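Trainee: Give me the fold of what follows.
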Amino acid sequence: MKVILAASSGGTWNTITEDCQQALLKAPCIIGASRMLEALPKSCTGRRFPALWPQAILDAIEECMEEESCVVLYSGDTGFYSGARCLIPLLQKAGIPFQVYPGISSVQLLSAALARPWQDWLLLSAHGVDCNPVGAVMQGKTVFFLTGGMLNPGVLCGELVEAGLENLPVTIGENLSYPQQCIYQGTAGEFANKQFATLSVLLAEPATVMRRTPGFPDSLFVRGDVPMTKQEVRAAILAKLAPEPEDILWDIGAGTGSVSVELALASSWGRTYAVECNEKACELIRINREKLGAWNLHLVQGKAPEALDQLETPDAVFIGGTKGSMESVVEKVLGRNPKARICISAICIETVYQAVQALQSRGIEPEITQINVSRGKSAGSLHLLMANNPVFLISGVRND
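Mentor: Numbering: from 1, shown residues only. Modelled structure (predicted):
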């Protein structure tokens, strides 16, 4: 018995490769999703086994063991988010010989319909799996989404709109390769939460995002009358917190959002929450978020620790201000994640003491750093160094 894993390509007989066609025409039995089996021509065998999940497919294969071969038919291409990747290990474990026949993917079909090359697209699946469309469009590439189930193009566009990307250009390909094929081009806002055919894909253009190393120039941020963490200190904070691409991050006492924005852009596949109770500061966070393209930054207007209750569990937390609630804020953070990386900034000796005590009393030996920054200022033909206020960074993580 030899198993052939064949691709149905676009789904119509004309788009299936000749190798796959010949395998299907000669196969004594064919296994696959019901809709694909029903679409096969009558010239293919009538011995067809509807099966979707890998174990069910393997069970069907074992029913055909007396045959010389059988075909497992997959939609699209066997190498592009195909169930073939899950069946192959089962076949290998069972010692059943197999061969994979590739096909034409929906990526290729949309690329051809638009007359656009696809080699630089970011390819993702939202078909039955979690998907992060906001993080995806922040990566600097055009993004192709294979959609299906609950996450159809309308839902994905809705998530983009919620992040403030209602004007992002998108393309939706519906029923690609079928006679009823339709291509829609517009913005995420136009298509948000609308219904599309089950066989649909989404192409989203890259969102505008500020790209540079940590420690953005202060001039990039709108500041108003709200205190702002300066460039050199911000760079040190990011070094202490070491955000990973998919981290969940909190900025407590976010002020203008300068640290929040940098954290969000450093963890563009994750989410950052800026917690701030001052209305003027919240408005500045909104402005800076949009100006610098931190679309994965979520503003939480309220006072910590109460405002932290509904947030996702953090991987790392910056505490820029607690309004006298240092102990309870640190307790809340470590209660949610005992291994959270923490960095606290302070300009007052009393705050340094509170931060050290809050960490030490919970089993974290803090690292204390003082940052003194002086910047040059012209004085006629000379330059003088003008000192900023020294800043303390108290950081640490529990190492049990």
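Trainee: Pull the residues that contact the top helix by length along the chain.
Mentor: Counting residues, the longest helix found in the chain (DSSP state H) is helix 279-292. Contacts to helix 279-292, defined as C-beta atoms under 8 Å, 6 or more residues apart in numbering, come from residues 164, 209-210, 216, 220-226, 254-258, 260-261, 264-265, 274, 276, 294-295, 297, 299, 301. To be clear about C-beta, it is placed using only N, CA and C from the backbone, and glycine gets the same treatment.
Trainee: Any idea what V391 is bridged to?
Mentor: I371 (DSSP bridges).
Trainee: For it, which residues are in contact?
Mentor: With the criterion set at C-beta under 8 Å, 6+ apart, V391 makes contact with T229, K230, V233, S345, A346, I347, Q370, I371, V373.
Trainee: Go through those and flag which are in strands.
Mentor: S345, A346, Q370, I371 (DSSP state E).
Trainee: most neighbours, which of the residues you listed?
Mentor: S345 (25 neighbours; other C-beta atoms under 10 Å).
Trainee: Can you read off the pLDDT for it?
Mentor: We have a pLDDT of 97 for S345.
Trainee: Now it. Nearest residue, chain neighbours left out?
Mentor: Spatial nearest neighbour of S345, excluding adjacent residues (C-beta to C-beta, 6 or more residues apart in numbering): G320 at 5.3 Å.
Trainee: do you know how far the one you found is from S258?
Mentor: 10 Å (C-beta to C-beta, to the nearest Å).
Trainee: what's the burial count for M1?
Mentor: 15.
Trainee: actually N388, not the one I typed
Mentor: 14.
Trainee: repeat for the one 5 residues further on
Mentor: Under the neighbour criterion other C-beta under 10 Å, L393 is assigned a count of 23.
Trainee: swap in L114?
Mentor: By other C-beta under 10 Å, the burial measure for L114, its neighbour count, is 14.
Trainee: can you check F221 too?
Mentor: F221, neighbours per other C-beta under 10 Å, totals 23.
Trainee: So it sits against S258, correct?
Mentor: Yes: proximity of F221 to S258 meets the contact threshold set by C-beta atoms under 8 Å, at 5.0 Å.
Trainee: list residues touching both of these two?
Mentor: M228, N288.
Trainee: So which residues of the stretch 201-350 of the chain form strands?
Mentor: Taking DSSP state E, counting those that start in this stretch, the strands of the stretch 201-350 of the chain run over residues 248-252, 271-276, 297-301, 316-319, 341-346.
Trainee: re the thing from before, same list, the ones in strands among the contacts of V391, but as CSV with distance to E62 please.
Mentor: Putting those into CSV (distance: C-beta to C-beta, whole Å) gives the following:
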residue, distance to E62
S345, 63
A346, 67
Q370, 69
I371, 67
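Trainee: quick one: contacts for the residue nearest to S345?
Mentor: G320 sits next to T229, D251, I252, G253, A254, G255, V259, S345 when contact means C-beta under 8 Å, 6+ apart.
Trainee: And the furthest pair within the residues you listed?
Mentor: T229 and I252 (12.7 Å; C-beta to C-beta).
Trainee: Of the two, give the one with the bigger neighbour count.
Mentor: I252 (28 against 24).
Trainee: quick one: the more buried one and K323 touch, right?
Mentor: No: I252 is beyond contact range of K323, at 10.1 Å (criterion: C-beta under 8 Å).
Trainee: need the contact list for I57.
Mentor: By C-beta under 8 Å, 6+ apart, the neighbours of I57 are I31, A51, V72, G83, L87.
Trainee: can we see that at 6 Å?
Mentor: I31, A51, V72, L87 (C-beta atoms under 6 Å, 6 or more residues apart in numbering).
Trainee: any idea how far the third one is from A39?
Mentor: Distance of V72 to A39, computed by C-beta to C-beta: 16 Å.
Trainee: For those two, work out which one has more neighbours and name it.
Mentor: Under the criterion of other C-beta under 10 Å, the comparison of V72 against A39 puts V72 first, with 27 against 14.
Trainee: backbone phi and psi for the more buried one, please?
Mentor: With angles defined as degrees, to the nearest 10, V72 sits at phi -100, psi 120.
Trainee: residues in contact with G253?
Mentor: G320, G321.
Trainee: Kindly provide the distance from it to D309.
Mentor: For G253, the distance to D309 - C-beta to C-beta - is 17 Å.
Trainee: Likewise for T171?
Mentor: According to C-beta to C-beta, T171 and D309 sit 40 Å apart.
Trainee: okay, those two: which has more neighbours?
Mentor: Set T171 next to D309 and count neighbours by other C-beta under 10 Å: T171 wins out with 21 against 10.
Trainee: Just confirm that one contacts L202, I think it does.
Mentor: No: contact criterion C-beta atoms under 6 Å: T171 and L202 do not qualify, at 7.4 Å.
Trainee: related to what we said a few turns ago, export the strands of the stretch 201-350 of the chain as CSV, with columns for distance to D59.
Mentor: CSV is the format used below for these (distance: least, C-beta to C-beta, whole Å):
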stretch, distance to D59
strand 248-252, 40
strand 271-276, 41
strand 297-301, 45
strand 316-319, 46
strand 341-346, 47
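Trainee: Pull the distance from stretch 150-166 to the chain's centre.
Mentor: Relative to its parent chain, stretch 150-166 has a centroid offset of 13 Å by C-alpha atoms, centre = their mean, to the nearest Å.
Trainee: from the contacts of helix 279-292, which would you call buried?
Mentor: Buried residues within those, counting neighbours by 16 or more other C-beta atoms under 10 Å: 164, 209, 216, 221-222, 226, 254-258, 260-261, 264-265, 274, 276, 294-295, 297, 299.
Trainee: Among those residues, which lie within helices?
Mentor: If you go by DSSP H, those have S258, S260, V261, A264, L265 in helices.
Trainee: closest to L334 among the residues you listed?
Mentor: Using C-beta to C-beta, S260 is the member of those that sits closest to L334, with 20.8 Å.
Trainee: So for that closest one, what pLDDT did the model give?
Mentor: pLDDT, read off for S260, is 98.
Trainee: do D130 as well
Mentor: On the pLDDT scale, D130 is placed at 84.
Trainee: please begin residue numbering at 452 from this point
Mentor: Got it, the first residue is 452 from now on, which makes the last one we talked about D581.
Trainee: Great, nothing more from me.
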